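Engineer: after the sequence you'll find the predicted model.
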Amino acid sequence: MEEIIRVDNLSFGYPDGQQALTDVNLTIYQGETVALIGPNGAGKSTLLLHLNGILHSNGAVKVFGRPVDDKNLRWVRSKVGLVFQNPDDQLFSPTVFDDVAFGPINLGYSEAKVPELVTRALDWVGMAGYERRSPHHLSLGEKKRIAIATVLSMNPEILVIDEPTSNLDPGSKWSLIELLRGLAITKIIASHDLELVQALCHRAIVLDRGVIIADGATSHILADMPLLMAHGLAHAKAS
């Protein structure tokens, strides 16, 4: 398999002194669907934000062999699409069309091509016909689908998504899981939702306090109850 993301000895601290990541080493291969799991404050979101340059590393992150730095930033963001946990952080335009068109316009696609990309992205996420709707009047599940469409419209090769099923009711959650399952794209998914992880991801990485604790087959990781309990991912069963 082709190596498409490589993270070497990535450390990152916030200005307030919080050390979010410490010596993280990670390789993602073409076609994988990888879960990033861990408790709140583990550093999952911080790691995701490094993968398309929202947070800057010391040159420790590479996408298709190119460092994620200022020189490559536009190119990297055309390859790595990031979906935030809260769709309201991603949706800011008067209409769904404007939100989904924003990325392709900024990547320089022609005026004639943009509507085609918008239509295709909305079709992929099951939201065809929503172009003129206001994103702010949609349900949370619909907003999450539109947020994914804003990324897919840019034709990325890697989808990075933070807590996709958070705050969704069971029906919306499983509908979104089926949507993600149907996307033939490399996916990196940060989630507390172990049902989602089991349903979608063949590989799982446990991150805690900014350190990778375990990396392996999802079936093995989720079967290791002491590991899950030690890192806030499971509760002891009542006897």
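Structural biologist: Arrived safely, thanks for sending.
Engineer: ok, which stretches of this protein are helices?
Structural biologist: Ranges of helices in the chain, per DSSP state H, are 44-50, 73-79, 96-106, 113-124, 140-152, 170-181, 194-200, 218-223, 225-230.
Engineer: quick one: closest of these to Ala60.
Structural biologist: Across those, Ala60 has its closest neighbour in helix 44-50 (8.1 Å, C-beta to C-beta). From N, CA and C alone the C-beta is placed, and that goes for glycine too.
Engineer: may I have the closest one exported as PDB, CA atoms only?
Structural biologist: Provided in PDB are the C-alpha atoms of helix 44-50 (Å, rounded to 0.1, in the frame of the first residue of the first chain):
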ATOM      1  CA  LYS A  44      -6.900  13.800  18.900                       C
ATOM      2  CA  SER A  45      -8.200  17.000  17.500                       C
ATOM      3  CA  THR A  46      -4.700  18.600  17.800                       C
ATOM      4  CA  LEU A  47      -3.300  15.800  15.700                       C
ATOM      5  CA  LEU A  48      -6.000  16.100  13.100                       C
ATOM      6  CA  LEU A  49      -5.400  19.900  12.800                       C
ATOM      7  CA  HIS A  50      -1.800  19.200  11.900                       C
END
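Engineer: pLDDT on it, on average?
Structural biologist: Helix 44-50 shows a mean pLDDT of 95 in the predicted model.
Engineer: so who does the residue nearest to Glu131 when sequence neighbours are not counted touch?
Structural biologist: Using C-beta to C-beta, 6 or more residues apart in numbering and skipping the chain neighbours, the partner closest in space to Glu131 is Phe97 (4.0 Å). Neighbouring residues of Phe97 by C-beta atoms under 8 Å, 6 or more residues apart in numbering: 115, 118, 131-132.
Engineer: report the two of these separated the most.
Structural biologist: Farthest pair in these, by C-beta to C-beta: Pro115 and Arg132, 12.4 Å.
Engineer: what about those two, which has more around it?
Structural biologist: With neighbours defined as other C-beta atoms under 10 Å, Pro115 and Arg132 compare such that Pro115 has more, 14 against 10.
Engineer: excluding sequence neighbours, find me the nearest residue to that one.
Structural biologist: Once flanking residues are discounted, Pro115 sits nearest to Ala101: 7.6 Å by C-beta to C-beta, 6+ apart.
Engineer: let me see the confidence value for that neighbour.
Structural biologist: 96.
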